[in-house]
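Student: Predicted model, plus sequence, below.
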Amino acid sequence: MPMPTPSAQSVTMRPSHPLTGELAELNDRFETSTPAEIVGWAAATFGRRLVLAASFADTLMIDIATRVDPDIEVVFLDTGYHFAETLQTVRQAMDRYALHLTVMRPAAAAADLWADGPDACCAARKVTVLDSYLAGRADAWLSGLRRADHPGRLTAPTVSIDARGLVKINPIAHLGDDEVARYVAQHDVIVNPLKDAGFASIGCWPCTEPSVERRAGRWSGTAKTECGLHR
Ligand code: SF4
């Protein structure tokens, strides 16, 4: 069967972002910058239109970002399937950092893991929820993604234009495990107790198993490796 030829109507063109021409230079520069310097650039560039999305596996990114801007907006996606330990870490972080935190929850009728499967569940409980939070509120967002997390993240840039047309900044993309451990120890970063219980990566409880192999415990036994937020 011949492949359909895309028509003008079927191709969605996104206008290029004003920062597109600077991305290569910024990414080169940030390879040797500290996370605080990268967050500092983001805060100076985007001001109150910058948001940090936090997963509460630890408070590393929160610690870095709030030292730069104590009033930075932080968002947590409460999928309805988080471990009690993760919610405990959220409470501890609220006490320690006096966070400007917004907890976003999915719609009551959102797709469900058991009925609809993991792709639909992640799309409804994470991706759609973050999309709706960011829309109209943010020009840029910070994430705690690191290249060392997973082979699929090895080439992740520090700054990119994401599928939403927003600037996505990964200030710790280039940090190795030793650098993270050093920062955590030096700054007494709050760490989700599940890390000490053998969970190298922490997501929702039905989709996370203990594992020393980074994200190997996420959606274990399936081909799924990402929830779709980092696109
Ligand atoms: S990680 Fe699992 S439970 Fe959480 S949103 Fe994705 S599919 Fe649903």
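Tutor: Everything's here; your move.

Student: Touching stretch 185-198 from outside, list them.
Tutor: Residues outside stretch 185-198 that contact it (C-beta atoms under 8 Å, 6 or more residues apart in numbering) are 56-60, 63, 83, 85-86, 88-89, 92-93, 96, 183-184, 199, 202, 210-212. Yep, even glycine has a C-beta here, placed from its N, CA and C like the rest.

Student: change it to 6 Å
Tutor: Contacting residues not belonging to stretch 185-198 are listed as 57-60, 63, 85-86, 89, 92-93, 202, 210 [C-beta atoms under 6 Å, 6 or more residues apart in numbering].

Student: ok, now stretch 72-80?
Tutor: Stretch 72-80 is contacted from outside by 51-54, 65, 99-105, 125-126, 129, 133, 204, using C-beta under 6 Å, 6+ apart.

Student: Give the buried subset of these as a ChimeraX selection command.
Tutor: Selecting only the buried members of the contacts of stretch 72-80 in ChimeraX, with burial defined as 16 or more other C-beta atoms under 10 Å, works like this:
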select :51,52,53,54,65,99,101,104,125,126,129,133,204
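
Student: related to what we said a few turns ago, which ones among the contacts of stretch 185-198 are found in helices?
Tutor: Taking DSSP state H as the definition of helices, these contribute 60, 63, 85-86, 89, 92-93.

Student: could I get the residues you listed as JSON lines with neighbour count, pLDDT and distance to the ligand?
Tutor: Supplementary listing: the ones in helices among the contacts of stretch 185-198 in JSON lines, determined by neighbours: other C-beta atoms under 10 Å; pLDDT from 0 to 100; distance: C-beta to the nearest ligand atom, whole Å:
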{"residue": "Leu60", "neighbour count": "22", "pLDDT": "97", "distance to the ligand": "21"}
{"residue": "Asp63", "neighbour count": "21", "pLDDT": "98", "distance to the ligand": "25"}
{"residue": "Glu85", "neighbour count": "18", "pLDDT": "97", "distance to the ligand": "15"}
{"residue": "Thr86", "neighbour count": "22", "pLDDT": "97", "distance to the ligand": "11"}
{"residue": "Thr89", "neighbour count": "26", "pLDDT": "97", "distance to the ligand": "16"}
{"residue": "Gln92", "neighbour count": "16", "pLDDT": "97", "distance to the ligand": "22"}
{"residue": "Ala93", "neighbour count": "23", "pLDDT": "97", "distance to the ligand": "20"}
